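Have a look; sequence and predicted model below, questions after that.
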Amino acid sequence: ETGVTQSPTHLIKTRGQQVTLRCSSQSGHNTVSWYQQALGQGPQFIFQYYREEENGRGNFPPRFSGLQFPNYSSELNVNALELDDSALYLCASSSQGAAVPGELFFGEGSRLTVL
Amino acid sequence: TQLLEQSPQFLSIQEGENLTVYCNSSSVFSSLQWYRQEPGEGPVLLVTVVTGGEVKKLKRLTFQFGDARKDSSLHITAAQPGDTGLYLCAGAGEDSNYQLIWGAGTKLIIKP
């Protein structure tokens, strides 16, 4: 069983640039959620994708956007980067229709630093 | 708005001591999960509790779901340095579409 993989693991951008983060979900999972985690804080929900459509969104501006592909992998795009966007971005996969809702399996994250 | 209050935020104790971390809400959850996260890594699911009053044990860790499914606790017996990490609770609302409500986390340090 293949776990959740994210790329890149680390990257540095400058303010105003755009970034794309990628996630491959765990095999058998059809739902991907993205989280932003600041240092020492809990994860903050960005959005969730199911069947290639956004299935819920947290309190993040429209410059945070995403995609889910037919193979359930996903991308997170952030435009017009700001300094406060520096964080660990976590991807989590899950299965809609699972016996217990909400169990998430996380990747190791992409550490974004905005200078 | 559903909230999960986690306490304490930070705990530093000696190896061998016992500790309890709490997760409280005024909302009812259909299930609640506990995760552990180490620096630079993603959270790892430890346990899911579903039934009110449920108790689950994972070696030295004991998880309890409140009778009303509004709160949960994690008790660690004889803590070890390997237990060090950020412990996070997350609840699935009864009307959720599989989105979780997260606590802010408890940073636990076990000193040898």
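That came through, no problem.

wait, what's in contact with B:G66?
By C-beta atoms under 8 Å, 6 or more residues apart in numbering or on different chains, the residues touching B:G66 are B:G52, B:G53, B:S72. Placement of C-beta: from N, CA and C, glycine included.

could you flag which of those are buried?
For these, a burial check counting by 16 or more other C-beta atoms under 10 Å in any protein chain shown picks out B:S72.

Of the contacts of B:G66, which belong to strands?
B:S72 (DSSP state E).

B:V49 pairs with what?
Applying DSSP bridges to B:V49 gives these bridge partners: B:L32.

What helices and strands are in contact with the worst-scoring helix or strand of chain A on mean pLDDT?
Taking mean pLDDT, DSSP states H and E as the measure, the helix or strand of chain A with the lowest value is strand A:53-57, at a mean of 88. For strand A:53-57, the elements it packs on are strand A:44-50, judged by 3 or more C-beta pairs under 8 Å, 6 or more residues apart in numbering or on different chains; DSSP states H and E.

List the strands paired with the strand it packs on, with their directions.
Sheet pairing for strand A:44-50, using DSSP bridges, gives strand A:31-37 (antiparallel), strand A:53-57 (antiparallel).

So which residues on chain A come close to chain B?
Listed as neighbours of chain B in chain A under the rule C-beta under 8 Å from any C-beta of the partner chain: A:4, A:31, A:33, A:40-45, A:48, A:55-56, A:90, A:92, A:94, A:96, A:100-109, A:111.

Weed out the non-buried ones from these.
Buried members of these, counted by 16+ other C-beta under 10 Å: A:4, A:31, A:33, A:42-45, A:48, A:55-56, A:90, A:92, A:94, A:101-109, A:111.

what is the orientation angle of the helix or strand that the least confident helix or strand of chain A is followed by with strand A:31-37?
Next along the chain after strand A:53-57, taking DSSP states H and E as the criterion, comes strand A:64-68. In terms of direction (axes from the mean of the first three to the mean of the last three C-alpha atoms, to 10 degrees), strand A:64-68 departs from strand A:31-37 by 150 degrees.
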